[in-house]
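Novice: what would the 3D arrangement of this be:
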Amino acid sequence: MTDPLAQLARQVQVLQDLEAIKRLKYAYFRCIDTASFAELEGLLHPQLTTCYVGGSYRIEFDNRAAFLEAMANAFNAEVACRHQGHHPEIDVLSEREATGIWYLHDVFLNLRERIRTEGTALYRDRYVKQDGRWLIRHQSYERIYEIVEPIATPPNLTAHYLASHGRRLP
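Specialist: Take a look at the predicted model:
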């Protein structure tokens, strides 16, 4: 027979893990939109793998460093963006492994090329717990829809965080 206190402790731990994973992914989206790549690095496993599939692209990375470099170039001083993850479906598989599905809605304004991208996708993540902290080990998404259109008139940005915090491209 299972010890009721041990069972309760496990249920509490699962709830704590679910909350920690939610906070991890929320921080991921915030770090992307604010070019906080040093903080983002601490959320990702060193052997992070990534696969993003959109309307005209498939982007894959097989380590954290390559992913971070690409994100620093993409989320630069000539970009304004919003990434929101909703409706998490998280499964804690063991004390050290979990999976998650997140519904993404994003808007990406490339002010240099004057292109606006908006869409939705389903993120499918795998998480590992290392040294008591959850990290993103794998992430992928496939677009549900994606709209890419020219920006005819430059937007009247009255605030533009990445202009002063994003990487300056040549």
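
Novice: buried residues of the lengthiest strand in the chain, list them for me.
Specialist: Looking across the chain with DSSP state E, the single longest strand is strand 133-150. The neighbour-count check on strand 133-150 (16 or more other CB atoms under 10 Å) flags Trp134, Leu135, Ile136, Arg137, His138, Gln139, Ser140, Tyr141, Arg143, Glu146 as buried. To be clear about C-beta, it is placed using only N, CA and C from the backbone, and glycine gets the same treatment.

Novice: now do stretch 99-107
Specialist: Within stretch 99-107, the residues that count as buried by 16+ other CB under 10 Å are Thr99, Gly100, Trp102, Tyr103, Leu104, Asp106.

Novice: got those residues as a markdown table, with pLDDT, distance to Thr49 and secondary structure columns?
Specialist: Shown next, in a markdown table, are the buried residues of stretch 99-107 (pLDDT from 0 to 100; distance: CB to CB, whole Å; DSSP: H, G, I helix; E, B strand; the rest coil):
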| residue | pLDDT | distance to Thr49 | secondary structure |
| --- | --- | --- | --- |
| Thr99 | 98 | 14 | strand |
| Gly100 | 98 | 15 | strand |
| Trp102 | 98 | 17 | strand |
| Tyr103 | 98 | 21 | strand |
| Leu104 | 98 | 18 | strand |
| Asp106 | 98 | 21 | strand |
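
Novice: moving C-terminal from the helix or strand of the chain with the lowest mean pLDDT, which element do we reach first?
Specialist: Within the chain, judged by mean pLDDT, DSSP states H and E, the helix or strand with the poorest mean is helix 4-33; its value is a mean of 94. Proceeding N to C from helix 4-33, the next assigned helix or strand is helix 37-41, under DSSP states H and E.
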